[in-house]
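Enquirer: Sequence first, then the predicted structure:
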Amino acid sequence: MVDLRVVSPRDTRVVAATDEDRLTLTTCNPIGSAAQRLVVVAELDE
């Protein structure tokens, strides 16, 4: 894991294209709410 954060649902920077090979997962926070987004970013560990 590279990064774990909570952001506003309007923060689209977390899913913007990059030149890096990485995986970005987003989910509602708290569960079932649209108040925030929990974002996890991971990179391949070779």
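Expert: Here it is on my side, so go on.
Enquirer: and the residue nearest the centre of the chain, what are its bridge partners?
Expert: Centroid-nearest residue in the chain: residue 39, 2.6 Å away (criterion: Cα atoms, centre = their mean). Note on residue 39: beta-bridge partners by DSSP bridges are residue 5, residue 26.
Enquirer: need the contact list for it.
Expert: Applying Cβ atoms under 8 Å, 6 or more residues apart in numbering, we find residue 39 in contact with 3, 4, 5, 6, 7, 14, 24, 25, 26. From N, CA and C alone the C-beta is placed, and that goes for glycine too.
Enquirer: From these, list just the buried residues.
Expert: residue 14 (16 or more other Cβ atoms under 10 Å).
Enquirer: Out of the contacts of residue 39, which is nearest to residue 44?
Expert: When the contacts of residue 39 are compared for distance to residue 44 (Cβ to Cβ), residue 24 wins out at 13.1 Å.
Enquirer: how about residue 14, secondary structure?
Expert: Going by DSSP: H, G, I helix; E, B strand; the rest coil, the secondary structure assigned to residue 14 is helix.
Enquirer: That concludes my questions; thank you for your assistance.
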